[in-house]
Structure formats: C-alpha cells, structure tokens
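J.: Okay, here's the prediction I keep looking at, along with the sequence it came from:
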Amino acid sequence: MDRSEVYPDVLGDALSFSSQCVAQLGSLVTAGATVEAQRRTRATAARAARDQRALRALRDQERAGWQLAQAGWAPAHDSRRLAQAGLLQAARVWSAAAAYGEADPAAGSAARKRAAACAAPVRHGVVRPAPRRRRRALRRDASGAAPVRPGAARTSR
C-alpha cells in the first residue's frame with residue numbers, strides 16, 4: 001500500500017481550500033467596492049441635480065425681485081409723476097431703487113431723482129417747518145444775534 005493513499009495530504013488540502021476562500025472573498029470585496037462607487041456616483045449626481053434645481057429656483061426668485069423693484073422705481077423716470085409725487089410715493093420709489101442703485105444705473109438715477117425730489121420741499125420749509133423754526137431759535141439764542149442762513153458764512157465769532 002502506498003502511503004499517500006492511506007494518509008491524505010491534509011496540509012495541501014487546507015491550503016487549497018483556504019486559497020479558494022481567499023479568492024472568493026477577494027471577489028466579493030471587489031464587487032462590494034464597485035457597488036459602493038456606483039452608489040456614490042449616483043448620490044453625487046442626484047445631489048448635483050438638486051443643487052441645480054435649487055440654484056435655478058433662486059435665480060428665478062432673484063429675477064422676480066429685480067422685476068418687481070424695476071416696476072417700483074420706474075415712476076421716477078416720468079417727469080409728470082415726479083412733479084406730482086408725495087413724500088410717501090417718493091419713499092416707495094427710493095426704497096425700491098436704493099437696493100439696486102449700484103448694480104443698475106437706472107435704479108441709481110431713480111434713487112437720486114427721488115432723493116432730490118424729497119429734499120427740495122424739506123430745504124424750502126414746506127414739509128417740516130417746525131424743526132426748521134426750532135433750529136433758527138436755537139441759533140438765535142446761541143449767538144445772540146439775528147438768525148443766520150444755513151449756507152451763509154460767518155464773519156466774526
């Protein structure tokens with residue numbers, strides 16, 4: 001009788017079996033890594049699509065706000081409406097134009113026109129006569145002389 005037939009090669013069988021298991025395990029790990037990479041790619045693509053939709057929605061919102069503001073400051077470029085505007089209407093137009101004054105020349109122009117239209121009645125004492133009278137009285141009391149025009153230069157102190 002041959003010794004190899006009676007006593008099988010236990011070590012050789014164990015190595016053969018373990019190498020087969022290692023090959024299967026390596027194959028499973030490679031397949032798992034491939035699936036994970038594909039999952040991450042799909043998740044990244046889905047996230048990018050959501051970000052694009054959100055960005056598009058934000059752009060649409062910005063555009064709608066811009067158009068609303070343009071409709072608000074448009075009356076400042078009409079000279080008839082500018083002459084008839086009250087303080088509240090002027091404030092509305094100015095507030096619509098002020099936010100976009102640096103980005104849009106038309107908005108900057110509207111804000112300057114409305115600021116000038118609002119300041120003219122104040123300068124001439126039409127809108128706020130009481131504070132002007134108070135300032136004159138304070139100046140008169142401080143100097144002991146006749147009221148001084150705000151733009152006039154003083155010759156002596």
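T.: Everything's here; your move. Residues are numbered from 1 along each chain as shown.

J.: Per-residue confidence, D51, what does it come out as?
T.: D51 is assigned 93 on the pLDDT scale.

J.: what number of residues lie near it?
T.: Using other C-beta atoms under 10 Å, D51 is surrounded by 10 other residues. To be clear about C-beta, it is placed using only N, CA and C from the backbone, and glycine gets the same treatment.

J.: I'd like to know which elements the host helix or strand of it is packed against.
T.: Element membership for D51, per DSSP states H and E: helix 10-73. For helix 10-73, the elements it packs on are helix 87-98, helix 105-123, judged by 3 or more C-beta pairs under 8 Å, 6 or more residues apart in numbering; DSSP states H and E.

J.: Going by mean pLDDT, which of these comes out lowest?
T.: Among the helices and strands packed on helix 10-73, helix 105-123 carries the lowest mean pLDDT, at a mean of 67.

J.: what's the next secondary structure element after it?
T.: helix 129-143.

J.: average pLDDT for the helix or strand that the helix holding D51 is followed by?
T.: Scanning forward in sequence from helix 10-73 by DSSP H and E, the next helix or strand is helix 79-84. What helix 79-84 shows for mean pLDDT is 76.

J.: Geometric centre of the chain: which residue is closest?
T.: Centroid-nearest residue in the chain: E62, 8.6 Å away (criterion: C-alpha atoms, centre = their mean).

J.: Let's see the pLDDT reported for it.
T.: Per-residue confidence (pLDDT) for E62: 90.

J.: Distance of it relative to G72?
T.: 15 Å (C-beta to C-beta, to the nearest Å).

J.: Over to A85?
T.: 13 Å.

J.: Please enumerate the shared neighbours of these two.
T.: V93 (C-beta atoms under 8 Å, 6 or more residues apart in numbering).

J.: before we move on, back to that, now the helix holding D51 and helix 87-98, what's the angle there?
T.: Orientation of helix 10-73 against helix 87-98 (axes from the mean of the first three to the mean of the last three C-alpha atoms, to 10 degrees) gives an angle of 140 degrees.

J.: Tell me who's in contact with S19.
T.: Contacts for S19 were tallied using C-beta under 8 Å, 6+ apart; there are none.

J.: CA-only coordinates of stretch 131-143 in CSV, if you can.
T.: Only the C-alpha atoms of stretch 131-143 are listed here, as CSV (Å, rounded to 0.1, in the frame of the first residue of the first chain):
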residue,chain,number,x,y,z
PRO,A,131,-37.9,121.6,13.2
ARG,A,132,-36.6,124.5,11.0
ARG,A,133,-38.2,127.1,13.3
ARG,A,134,-36.6,125.3,16.3
ARG,A,135,-33.2,125.3,14.7
ARG,A,136,-33.5,129.0,13.9
ALA,A,137,-34.5,129.7,17.5
LEU,A,138,-31.5,127.7,18.9
ARG,A,139,-29.1,129.6,16.6
ARG,A,140,-30.6,132.9,17.6
ASP,A,141,-30.2,132.0,21.3
ALA,A,142,-26.7,130.7,20.9
SER,A,143,-25.3,133.7,19.0
